[in-house]
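# Here is a sequence with its predicted model. Questions after.
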There are 4 protein chains.
Amino acid sequence: MSNLDSLIQDLVIANRILAREEVVDAYGHVSVRHPDHPDRFFIARSLAPDLVGPEDIVELGLDAQPVGGDGRQLYLERFIHAAIFEARPDVMAVVHAHAEDTLPFGIASATQLRPVIHAGSFIGPEVPVWDIADSFGDTNVLVTNMAQGRDLAKCLGPNSVALMRGHGFSSAARSLIEVVRLSVYLPRNARALMRAKQLGGDIKYLSQGEIDARNAGYRPYSPETWRTWEYWANKAGCGHLLTRPDDAPKG
Amino acid sequence: MSNLDSLIQDLVIANRILAREEVVDAYGHVSVRHPDHPDRFFIARSLAPDLVGPEDIVELGLDAQPVGGDGRQLYLERFIHAAIFEARPDVMAVVHAHAEDTLPFGIASATQLRPVIHAGSFIGPEVPVWDIADSFGDTNVLVTNMAQGRDLAKCLGPNSVALMRGHGFSSAARSLIEVVRLSVYLPRNARALMRAKQLGGDIKYLSQGEIDARNAGYRPYSPETWRTWEYWANKAGCGHLLTRPDDAPKG
Amino acid sequence: MSNLDSLIQDLVIANRILAREEVVDAYGHVSVRHPDHPDRFFIARSLAPDLVGPEDIVELGLDAQPVGGDGRQLYLERFIHAAIFEARPDVMAVVHAHAEDTLPFGIASATQLRPVIHAGSFIGPEVPVWDIADSFGDTNVLVTNMAQGRDLAKCLGPNSVALMRGHGFSSAARSLIEVVRLSVYLPRNARALMRAKQLGGDIKYLSQGEIDARNAGYRPYSPETWRTWEYWANKAGCGHLLTRPDDAPKG
Amino acid sequence: MSNLDSLIQDLVIANRILAREEVVDAYGHVSVRHPDHPDRFFIARSLAPDLVGPEDIVELGLDAQPVGGDGRQLYLERFIHAAIFEARPDVMAVVHAHAEDTLPFGIASATQLRPVIHAGSFIGPEVPVWDIADSFGDTNVLVTNMAQGRDLAKCLGPNSVALMRGHGFSSAARSLIEVVRLSVYLPRNARALMRAKQLGGDIKYLSQGEIDARNAGYRPYSPETWRTWEYWANKAGCGHLLTRPDDAPKG
């Protein structure tokens, strides 16, 4: 199997995992940058992630338009992906979703979303909140053009996640495996923080040093990372699609 | 397949989706107005929505009585549907349900249910709370005659949703797809608002302009709307019942 | 099928429903009084309710001992059932369970569990809290003899449900269908009340008149009651065990 | 089947139960001490617990290194198990996990996790909170060597559970069945306490006498303990792996 075929298959797995783990429903999407053409990326056509197969993947340019004239219906919000890939050469994969327990942190002003559990460290020390109304006034709250996408990407800055007020979040990482992991643990970290707030008293967040130590030790195909990718893929019913690069550490 | 057969099939799908998404259990129901006879509507006989098939659909008049002498047992609360169809010529579909997370907003006086997430915009800027006791005193809390149904419809007014104190909600929309979507996202919006309240500080609701912008752009068979209908139908195990009007935009 | 066989089958259905609806796990049990011998009742042997079949049902006397020398292992807490059947000739079926969301109301002193939703009306206007320590000091918190069972039954009095501090609840009704329905909606009512409290402001409970009106209209085999029994049985995978008395109203 | 084969099979069941009951996801693990060589223990290789079979079990020494040169990838945090087995000769089985609802109690300072429900009694009267930063400063928050493991074991002391700040918990018991039961009911007890706190007023915890009475009466193969092990194993799809010691009381 070519590297590209295997990447497309990984993108299918990512779609199914995000659906199974309730990060996305019919809305929300995940993309991966083309490994050979950094000005292109892969994403599904307009379809619920749980129903996505390899044949549903389209190739878009950094203007969010299809490469090679693919005429199929596209996600309205593909501009989120295009703008983040444009602004962040280090980013290889992007998720946009509406996971329910991330929403309150974009709506209520009093509590900032920050990592409190080790699995949440990859969201990074700061999670900015982007409000589309600040620059664009009254809209349908969706990111439907490059100007809006670029405004969001600017708010995201060098971070891994930006919350979107009344809407959801966008996350970015160095690989598909990382962006999926980040996006699954983001709502879990949000719930742990919400409940800790209800219990009351001082909250112990992860320290900057702990966040750095975890980041420093992270490798996308380490046995620990693979373990959860393999587990989630099986849970989502697509364990048979799993492939592992030849140069990955053996489990 | 005739338009009517296809509408009945859509009504079956709507029943199954509402059950699968936990908007209804054995109680709660969904109806659709007859496209050719605006003084009639379709609804299941007295049966849990998850078990409803095409043969379980009955045709009622705006007095909530069966057309053509169908003798099967009917929902006690079919008057909700009749009264809303009577009062609102613009409405083509109605849901009544007890989705758990909508209940607290009909019970506690301090917090008004309003849209805080983009998927919740279709509930509209105002969600009135109807208390059956205000006009009818001590009852079994069910809407079991036209007078009660009309009182509820009056409270609903031009809105999309009315909460019913200690009971649930009724929602109304221009199409089956819309009323299902509205009813699935209503409890999600309720949860986001409840949790935002717990986080504390100012709450950012959707603005009137945002609600209007989302409404203006909405079409029942747009690819975005179809995407979630298709997803939910598959998740509910009735993807094979899906039909799409010939004049719908292609996905 | 004899009435007794059909009753045993209903008891199996009740076990499975309570498991599927997460009212019980491996612990918790449901019993039904013998229709011809009011001093006996049926209950499963010591087995998780989800695994119970007709062959697992045992017949006990009001001393909680097996009739006819059945030597199989019994539930430690069968005394709850015996004592309630003894004290309440009107009661035909009993549930004891630890449904998670009923627990906080037995632990925290500030909020009394009362009906706030129409489906919760059958818990009645008052839900006493029984604390085993009040009469028996430090125990293993289980009801393991008739003295403890009778103390609980006395606390229950004429009500439908008693909470048990740090343990769970016991509920009693005129039929299996009723006690199951009561027990499934009890935690739902508890959640609605908990969340309403969090939203704040005055809470609107069901009025005494509403509770009475609902009770007055209730019949175990009415189409509305049957609808949920049929739904839950199918959901629990035992729809094939359903039987309906010949004299029940037709659906 | 030899006792050892049957123990390994029990360990597989324990893995699957912990996954099914959402105590672990891809992370978290369970171990059991070798019955004949108290300086060794069994644990899965680096694999998600839900995917573990008998062939995935490895044998480690109390230095957390494989016995007999097994070269397969191991859990990074196996030192937790080694250190607890080293410090506590009475302990035969250990779980480490990140069950979501235990996390807030390790993050928020105001509320101590203590048993409030009878099923939670086995967590014991005191649940210490271990913060890896206290002795080791900024780390990746994982227990990756014996020094860290021993520090955790020291904090655990004679208790059954230690919370780990921003990470999860470790639990220890006299048998696999007990440690699984303890670990499944721990988050349930945590939720009951969290919700009781929200309801407000005084909280009634289990008394020391109640905790003692429950502990005194506990036997790993009593019918009551077996009932839940059998139930959970079936629910997790591995009821066919169940074995019961010849000398266990008959059900």
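That came through fine.
# ranges for the helices of the stretch 151-251 of chain A?
For the stretch 151-251 of chain A, the helices defined by DSSP state H, counting those that start in this stretch cover A:176-199, A:208-216, A:223-235.
# mind putting those helices in a markdown table, mean pLDDT and mean neighbour count included?
(Glycine included, C-beta is placed from N, CA and C.) Putting those into a markdown table (pLDDT from 0 to 100; neighbours: other CB atoms under 10 Å in any protein chain shown) gives the following:
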| stretch | mean pLDDT | mean neighbour count |
| --- | --- | --- |
| helix A:176-199 | 96 | 24 |
| helix A:208-216 | 94 | 16 |
| helix A:223-235 | 95 | 21 |
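# List just the one of those helices that sits closest to chain C.
Closest to chain C of those is helix A:176-199 (CB to the nearest CB; 9.1 Å).
# Can I get that closest one as CSV, trimmed to CA atoms?
The C-alpha trace of helix A:176-199 is given here as CSV (Å, rounded to 0.1, in the frame of the first residue of the first chain):
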residue,chain,number,x,y,z
LEU,A,176,-3.5,12.8,12.5
ILE,A,177,-2.9,10.6,15.5
GLU,A,178,-2.1,13.6,17.6
VAL,A,179,-5.0,15.7,16.5
VAL,A,180,-7.4,12.9,17.2
ARG,A,181,-6.0,12.2,20.6
LEU,A,182,-6.0,15.9,21.5
SER,A,183,-9.6,16.2,20.3
VAL,A,184,-10.9,13.2,22.2
TYR,A,185,-9.2,14.2,25.5
LEU,A,186,-10.2,17.9,25.2
PRO,A,187,-13.8,17.3,26.4
ARG,A,188,-12.6,14.9,29.1
ASN,A,189,-10.3,17.6,30.4
ALA,A,190,-13.2,20.1,30.2
ARG,A,191,-15.4,17.8,32.3
ALA,A,192,-12.7,17.2,34.9
LEU,A,193,-12.3,20.9,35.3
MET,A,194,-16.0,21.7,35.4
ARG,A,195,-16.5,19.1,38.2
ALA,A,196,-13.4,20.2,40.1
LYS,A,197,-14.9,23.7,40.0
GLN,A,198,-18.1,22.4,41.5
LEU,A,199,-16.2,20.6,44.3
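# quick one on the thing from earlier: distance to chain B added to the helices of the stretch 151-251 of chain A, as CSV?
Below are the helices of the stretch 151-251 of chain A laid out as CSV (distance: least, CB to the nearest CB, whole Å):
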stretch, distance to chain B
helix A:176-199, 6
helix A:208-216, 22
helix A:223-235, 16
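# who wins for proximity to residue B:32 among those helices?
For the helices of the stretch 151-251 of chain A, the distance to residue B:32 is smallest for helix A:176-199, at 34.9 Å, taking CB to CB.
# In terms of helices and strands, where is the nearest residue to residue A:209 once chain neighbours are set aside?
The shortest distance from residue A:209 to any non-neighbouring residue, by CB to CB, 6 or more residues apart in numbering or on different chains, is to residue D:138 (2.7 Å). Remark: residue D:138 resides in no helix or strand, with elements defined by DSSP states H and E.
# which one of the helices of the stretch 151-251 of chain A lies closest to residue D:51?
Here helix A:223-235 is closest among the helices of the stretch 151-251 of chain A (CB to CB), at 6.4 Å.
# Tell me what angle the closest one forms with helix A:176-199.
90 degrees (axes from the mean of the first three to the mean of the last three CA atoms, to 10 degrees).
# So which other helices or strands are in contact with helix A:223-235?
helix A:3-20, helix A:176-199 (3 or more CB pairs under 8 Å, 6 or more residues apart in numbering or on different chains; DSSP states H and E).
# Output the shortest one in PDB with nothing but the alpha carbons.
Spelled out, that is helix A:3-20. Extracted C-alpha coordinates of helix A:3-20, given in PDB (Å, rounded to 0.1, in the frame of the first residue of the first chain):
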ATOM      1  CA  ASN A   3       2.000   6.000   1.800                       C
ATOM      2  CA  LEU A   4      -0.800   8.100   0.300                       C
ATOM      3  CA  ASP A   5      -3.300   5.200   0.400                       C
ATOM      4  CA  SER A   6      -2.300   4.500   3.900                       C
ATOM      5  CA  LEU A   7      -2.700   8.200   4.900                       C
ATOM      6  CA  ILE A   8      -6.200   8.300   3.300                       C
ATOM      7  CA  GLN A   9      -7.100   5.200   5.300                       C
ATOM      8  CA  ASP A  10      -5.800   6.800   8.500                       C
ATOM      9  CA  LEU A  11      -8.100   9.800   7.700                       C
ATOM     10  CA  VAL A  12     -11.000   7.400   7.400                       C
ATOM     11  CA  ILE A  13     -10.100   5.900  10.700                       C
ATOM     12  CA  ALA A  14      -9.800   9.400  12.200                       C
ATOM     13  CA  ASN A  15     -13.300  10.200  11.000                       C
ATOM     14  CA  ARG A  16     -14.800   7.100  12.500                       C
ATOM     15  CA  ILE A  17     -13.000   7.500  15.800                       C
ATOM     16  CA  LEU A  18     -14.200  11.100  16.200                       C
ATOM     17  CA  ALA A  19     -17.700  10.000  15.600                       C
ATOM     18  CA  ARG A  20     -17.500   7.000  17.900                       C
END
